[in-house]
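>>> here is the input, now give the coordinates:
(one chain, ligands or ions: 2)
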Amino acid sequence: MTDDNQIIIFDTTLRDGEQSPGASMNQMEKLRIATQLEKLGVNVIEAGFPAASEGDFGAVKAIAKALKTTQVAALCRANTNDINRGWEAVKDAAYPRIHTFIATSELHMKYKLQMEPDQVLQQAIESVKLAASYTDNVEFSAEDGSRSDPDFLCRVFGAVIEAGATTINLPDTVGYAIPEEFGELVEYVQKNTPNIDKVILSVHCHNDLGLATSNTLTAINAGARQVEVTINGIGERAGNTSLEEIVMSLHTRPNFFPFTTSIDTKRIYPTSRLVSMITGILVQPNRPIVGANAFAHEAGIHQDGMLKNPMTYEIMKPETIGLSKNSLVLGKHSGRHALNAHIQEMGYDLSKDELNTVFEKFKRLADKKKNIQDEDIEALINEGVLRSAEVFCLEYIHVLSGNTVFPTASVQLNINGRPVQGATDGNGPIDAVYNIISKLTGTKSELLRFTISALTEGTDAQGEVTVRLQEDGIVALGKGADPDIITASALAYINGLNRLEYLKEHPVVKAENF
Ligand code: KIV
Ligand code: ZN
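Ligands and ions are numbered 1, 2, ... in the order given. From the prediction side, this is the model:
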């Protein structure tokens, strides 16, 4: 399956990543991310949890059919229905995998599963046997493995290997482990599990104490050869180990980590941007590798050293992760060809129709803004291409506002192909816009968070608005960008409402919730 020094990259952005509050994605969005992950070079994509819902099943099936070189895994609880459903979803993949799991810690077995350890063992064995009757690519995970009794863990692992598991995964489900301790557990499992040398040992870490990357790297040095990661570290609670941190740690410090991956590092940054745009989860500016400040050298003393030799303060080259050096390139007179060339340089492949849509939007923006930067182009791609058929679309917006008038907004929306318009007031222009949109759409969501920032520098920059909405316990994020910040706010709100509509039909069910 792999040479001894190659680390298998198992990406779970579409499954554990989707469990981040508000990060749900529709089928088209998942397919786009999966295609990008294949180009990035990940070895396994966990495409979803097919037994959770029809939507998840459909998305996993579509991804399984579309990918050519990457293994596609379906997550299944250790029961017959989940495994049958999981196999149904991935069986058309070029390289299908069933990933089944059950909790093995005393805490989870007693309170969550209400099962005796021997029952858990039996259920694990039977589930792996069923999975192995479908495919010889079966992964077994011991949920809450890091807090399980090590001897019981090894007993379960040994039994499921005998039942046909080919990858054994040790999760730190609640992000509780400390690197030294986790490394010792990985070593213990290798020494005390029968036939462990015949399978791939994997780890899956959560970041509750900010130690997911350290734990994963320690596990690699202790013998793990598969790592489970997400783009930008998104995932349940504080998230999962981030793909970019692991890959770039291995790449930058080969003397400590003499391992390779199949990742094309130049696609890391575009993939990070794509995931952020689709999920609406912003990348914190100081985030390692992919944050906006990761390669920005602000302090004067640093700049001086940087000019003399970039290696004084830069341990990685921005080009290595695909951060294009020259971002200030396009303007009013740039043609379709130049736009397409730049979009490709940024790591996106658009179809002819998609390019036409983005070009139209580009021309309109260039009439308002002199220099179009990468961030602007990304926002155009997001607005024009990444959004699927939506229930609510903005047709026009007109706002009256100022320090001597009562703010009012008139808005026309297209709702399922039908134009509807109305006007109302508010305590400010955005309040007025949101009031009328809520009235026209008949929605009752609560605005939990509203953030606005400039996409680029300069007073002609586009404003980017992110909203977090909640309705009936469902949380959705929405994003919008426009040189007019009121329009950007309206677009973000409408995007959030569309996401809420989608989520009402396709709720995200957490695999761990029995
Ligand atoms: O964190 C976890 O334990 C998981 C399992 C389902 C692998 O996500
Ligand atoms: Zn997890």
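>>> looking at it, Gly55 is touching Ala89, isn't it?
No - applying C-beta atoms under 8 Å, one finds Gly55 not in contact with Ala89, separated by 11.6 Å. All C-beta spots, glycine's among them, are computed from the backbone N, C-alpha and C.
>>> looking at the two, which one has more neighbours?
Ala89 (28 against 22; other C-beta atoms under 10 Å).
>>> test my guess that the more buried one contacts Pro50.
Yes - counting by C-beta under 8 Å, Ala89 touches Pro50, with 3.8 Å between them.
>>> any low-confidence regions in this protein?
1-3, 297-303, 324-329, 388-389, 509-514 (pLDDT under 70).
>>> how about the residues of it near ligand 1?
Contact residues (C-beta under 6 Å from any ligand atom) of the chain with ligand 1: Asp16, Phe101, Ser141, Glu143, Pro171, Thr173, His204, His206, Ala511.
>>> for the residue nearest to the fifth one when sequence neighbours are not counted, helix, strand, or coil?
Once its chain neighbours are removed from consideration, Pro171 has its nearest residue in His204; the separation is 4.0 Å (C-beta to C-beta, 6 or more residues apart in numbering). Reducing the assignment at His204 to three states with DSSP: H, G, I helix; E, B strand; the rest coil gives strand.
>>> what's near enough to touch His204?
Residues in contact with His204 (C-beta atoms under 8 Å, 6 or more residues apart in numbering) are Thr12, Asp16, Ser141, Asn169, Leu170, Pro171, Asp172, Thr173, Glu228, Asn240, Thr241.
>>> again, 10 Å this time
10, 12, 16, 46, 101, 141, 143, 145-146, 169-173, 212, 215-216, 219, 224, 226-229, 235, 240-241 (C-beta atoms under 10 Å, 6 or more residues apart in numbering).
>>> can you report phi and psi for the residue located most distally from the centre of the chain?
Of all residues in the chain, Thr404 has its C-alpha farthest from the mean position, at 45.0 Å, by C-alpha atoms, centre = their mean. As for Thr404, its main-chain torsions (degrees, to the nearest 10) stand at phi -120, psi 10.
>>> start at 47, not 1
Happy to do that; since the first residue is 47 now, the last one works out to Thr450.
>>> got the domain ranges for this protein?
54-306, 438-551 (automatic domain parsing).
>>> can you get me the start-to-end distance on the first one?
With C-alpha to C-alpha, to the nearest Å as the measure, the first residue of domain 54-306 is 9 Å from its last.
>>> for the last one, same thing?
End-to-end distance for domain 438-551: 15 Å, by C-alpha to C-alpha.
>>> those strands in this protein, which residues are they?
54-57, 90-94, 117-123, 142-149, 184-189, 213-218, 246-251, 272-275, 438-446, 454-461, 464-471, 492-500, 509-517, 520-528 (DSSP state E).
>>> before we move on, back to that, tell me which of the domains of the chain sits most buried.
Neighbour counts (mean count of other C-beta atoms under 10 Å) averaged over each of the domains of the chain peak at domain 54-306, with a mean of 21.
>>> dump the residue contacts of the nearest residue to Gly524 once chain neighbours are set aside.
Residue nearest to Gly524 in three dimensions, not counting chain neighbours: Gly542, with 2.5 Å by C-beta to C-beta, 6+ apart. Shown in contact with Gly542 (C-beta under 10 Å, 6+ apart): 68, 326, 489, 491, 493-494, 511-517, 521-526.
>>> and of the domains of the chain, who's closest to Ala384?
With C-beta to C-beta, the closest approach to Ala384 among the domains of the chain belongs to domain 438-551: 18.6 Å.
>>> and the end-to-end length of stretch 216-233?
Stretch 216-233 has an end-to-end distance of 12 Å (C-alpha to C-alpha).
>>> distance from that stretch to the middle of the chain?
Counting by C-alpha atoms, centre = their mean, to the nearest Å, stretch 216-233 is centred 23 Å from the centre of its parent chain.
>>> circling back to that earlier point, how much space separates the residue nearest to Gly524 from Thr59?
Here Gly542 is placed at a distance of 21 Å from Thr59 (C-beta to C-beta, to the nearest Å).
>>> about what we covered before: in JSON lines: the domains of the chain, plus distance to Val431.
Shown next, in JSON lines, are those (distance: least, C-beta to C-beta, whole Å):
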{"stretch": "domain 54-306", "distance to Val431": "9"}
{"stretch": "domain 438-551", "distance to Val431": "14"}
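>>> so which of these is nearest Lys415?
Of all the domains of the chain, the one in closest proximity to Lys415, counting by C-beta to C-beta, is domain 438-551 (4.9 Å).
>>> give me the distance from the closest one to the chain's centre.
That offset, for domain 438-551, works out to 25 Å (C-alpha atoms, centre = their mean).
>>> same question for stretch 224-240.
29 Å.
>>> swap in stretch 333-345?
That offset, for stretch 333-345, works out to 20 Å (C-alpha atoms, centre = their mean).
>>> can you check stretch 192-200 too?
Distance of stretch 192-200 from its chain centroid, counting by C-alpha atoms, centre = their mean, is 30 Å.
>>> stretch 408-428 now?
From the chain centre to the centre of stretch 408-428 is a distance of 25 Å (C-alpha atoms, centre = their mean).
>>> what are the buried residues along that stretch?
408, 411-412, 415, 417-428 (16 or more other C-beta atoms under 10 Å).
>>> tell me, how many neighbours does the nearest residue to Gly430 once chain neighbours are set aside end up with?
Among residues not flanking Gly430 along the chain, Thr403 sits closest, at 4.2 Å (C-beta to C-beta, 6+ apart). When counting by other C-beta under 10 Å, one arrives at 16 neighbours for Thr403.
>>> then Ala387?
13.
>>> try the one 10 residues further on
Using other C-beta under 10 Å as the criterion, Ser397 is surrounded by 9 other residues.
>>> distance of it from ligand 1?
34 Å (C-beta to the nearest ligand atom, to the nearest Å).
>>> isn't that residue up against Val431?
Yes - assessed by C-beta atoms under 10 Å, Ser397 is found in contact with Val431 at 8.7 Å.
>>> got any residues that touch both of the two?
Contacts common to Ser397 and Val431, judged by C-beta under 10 Å, 6+ apart, are Thr403.
>>> which residues touch Ala211?
Taking C-beta under 10 Å, 6+ apart as the test, what Ala211 contacts is 144-146, 170-171, 173-175, 177-178, 183-187, 203, 205, 241, 244-246.
>>> and for it, nearest residue in space, chain neighbours not counted?
Using C-beta to C-beta, 6+ apart, the closest residue to Ala211 is Phe186 (4.1 Å).
>>> list just the nearest of the buried residues of stretch 408-428 to ligand 1.
Nearest to ligand 1 among those is Asn428, at 28.2 Å by C-beta to the nearest ligand atom.
>>> report the buried residues of stretch 385-398.
Leu385, Asn386, His388, Ile389, Met392, Gly393, Tyr394, Leu396.
>>> okay, the angle between the helix ranked longest in the chain and strand 492-500?
If you go by DSSP state H, the chain has its longest helix at helix 531-551. Helix 531-551 runs at 140 degrees relative to strand 492-500, counting by axes from the mean of the first three to the mean of the last three C-alpha atoms, to 10 degrees.
>>> for the buried residues of stretch 408-428, which one is nearest Glu230?
Glu424 (43.5 Å).
>>> how about the contacts made by that closest one?
Per C-beta under 10 Å, 6+ apart, neighbours of Glu424: Pro316, Arg319, Leu320, Ser322, Met323, Ile389, Met392, Tyr394, Leu432, Leu501, Glu510, Ala527.
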